[in-house]
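Engineer: coordinates only, sequence not included:
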């Protein structure tokens, strides 16, 4: 007697960004599972899956939105529950990977928290991790399990082609984003510029834009970054571009963290348009006239489908997700 194994995909979501998970489920054509998450009186998180997930490929979608520690802990508990429920394979889908900026020691006596998060996901029982636009590609090396690095470039580039005409220059807001900005400029057939910035030693969320490298006078400049947190970097770069004679400055980023003074800074800046994706939820307090939010649900859904069907994820991006 020959037994043909049944394969079943189960998609479940944490509470950090259920709207994105519903969109992903819609693209996949599956029902979103229920993890019955709730808190005990002292704040501890409880999880219990509605149906049997024994032998399933379980994809647990949870972006590490604020409060980051709560979002992360909730995902770890969901992974542990799936492991103990005999799931065949567990994939942690983290559209925004928390603590990604703490990927190395820049001074003494600091943690490498991005590695700690990797260890916790693995210890909880994740067999694979999927994330979008890591702050640093080296984070993939913190895992001993497969890691699928997705990029939002197809969504952002599509928006640029439809909405930005004329003489466009792609601008990297700092040296760390030059390679990514160069890829955008090559795909779009436009020029590249760079902002040289410095960060005062011993400070956090404070930057100083020093020089513009490239021809920007009279041109439409588009700043490309992986995230906008307090908006200090992006606003400082925009002011420098305006002083250098740019006709218009727009800002695009994958993750709209928008912490603290970010919204007020962006409103008051010379930036005419701010474009982010929905890897993180944008609540009513963060919405403003300049802000536009694009969906990455289809990109994540295509990657989940490829993982489930054991086909290539990198082919979705033409290999441009590997750097």
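Structural biologist: That came through, no problem. If you're wondering where the values come from, they're calculated on a predicted model, not measured in any experiment.
Engineer: CA only for contacts and neighbour counts going forward, please
Structural biologist: Fine.
Engineer: ok, residue 265 - contacts?
Structural biologist: 231, 232, 235 (Cα atoms under 8 Å, 6 or more residues apart in numbering).
Engineer: Let's verify the last one: helix, strand, or coil?
Structural biologist: Just to be clear, that refers to residue 235. In three-state terms, and counting by DSSP: H, G, I helix; E, B strand; the rest coil, residue 235 is helix.
Engineer: how about the helices in this structure?
Structural biologist: Secondary structure of the chain (DSSP state H): helices located at 18-28, 68-84, 113-124, 153-163, 178-188, 232-243, 262-268, 297-309.
Engineer: returning to that earlier point: may I see the contacts of residue 265 organised as CSV, with pLDDT, distance to residue 275 and neighbour count added?
Structural biologist: What follows is the contacts of residue 265, written out as CSV (pLDDT from 0 to 100; distance: Cα to Cα, whole Å; neighbours: other Cα atoms under 10 Å):
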residue, pLDDT, distance to residue 275, neighbour count
231, 95, 13, 25
232, 90, 16, 19
235, 94, 14, 25
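Engineer: Which one of the residues you listed is nearest to residue 8?
Structural biologist: residue 231 (42.4 Å; Cα to Cα).
Engineer: so what's that closest one up against?
Structural biologist: Counting by Cα under 8 Å, 6+ apart, residue 231 has contacts 258, 261, 262, 263, 265, 266.
Engineer: could you give me the average pLDDT of stretch 45-64?
Structural biologist: Stretch 45-64 shows a mean pLDDT of 97.
Engineer: hang on, the earlier thing: closest one to residue 134 among the helices of the chain?
Structural biologist: Of the helices of the chain, nearest to residue 134 by Cα to Cα is helix 113-124, at 10.5 Å.
Engineer: just to revisit the earlier point, would you list the contacts of residue 265 in a markdown table and tack on distance to residue 54?
Structural biologist: Below are those laid out as a markdown table (distance: Cα to Cα, whole Å):
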| residue | distance to residue 54 |
| --- | --- |
| 231 | 45 |
| 232 | 47 |
| 235 | 50 |
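Engineer: ok, those residues vs residue 27, which is closest?
Structural biologist: Comparing every one of those with residue 27 (Cα to Cα), the shortest separation belongs to residue 231, at 32.0 Å.
Engineer: Go through stretch 82-97 and flag the buried ones.
Structural biologist: 82-83, 85, 87-97 (16 or more other Cα atoms under 10 Å).
Engineer: farthest pair in those?
Structural biologist: 85 and 96 (26.1 Å).
Engineer: where's residue 108 relative to residue 79, distance?
Structural biologist: 33 Å (Cα to Cα, to the nearest Å).
Engineer: more neighbours, those two?
Structural biologist: Just comparing residue 108 and residue 79: by other Cα atoms under 10 Å the higher neighbour count belongs to residue 79, 27 against 6.
Engineer: Go ahead and confirm that one touches residue 128.
Structural biologist: No: using Cα atoms under 8 Å, residue 79 is not in contact with residue 128; the gap is 11.1 Å.
Engineer: shared neighbours of those two, which are they?
Structural biologist: Contacts common to residue 79 and residue 128, judged by Cα under 8 Å, 6+ apart, are 90, 92.
Engineer: can you tell me which residues contact residue 299?
Structural biologist: Residue 299 makes contacts with 150, 152, as judged by Cα under 8 Å, 6+ apart.
Engineer: and residue 284, what does it touch?
Structural biologist: Residue 284 neighbours (Cα under 8 Å, 6+ apart): none.
Engineer: pLDDT wise, what is it at?
Structural biologist: 87.
Engineer: likewise residue 132?
Structural biologist: 98.
Engineer: The one 4 residues further on now?
Structural biologist: Residue 136 carries a pLDDT score of 93 in this model.
Engineer: What is the neighbour count of it?
Structural biologist: Counted with other Cα under 10 Å, residue 136 comes out at 17.
Engineer: By neighbour count, which of the contacts of residue 231 wins?
Structural biologist: Busiest of the contacts of residue 231 [other Cα under 10 Å] is residue 266, holding 25 neighbours.
Engineer: What separation do you get for that residue and residue 232?
Structural biologist: 9 Å.
Engineer: what's around the residue nearest to residue 297 when sequence neighbours are not counted, how many residues?
Structural biologist: Using Cα to Cα, 6 or more residues apart in numbering and skipping the chain neighbours, the partner closest in space to residue 297 is residue 24 (4.9 Å). Applying other Cα under 10 Å, we find 25 other residues in the vicinity of residue 24.
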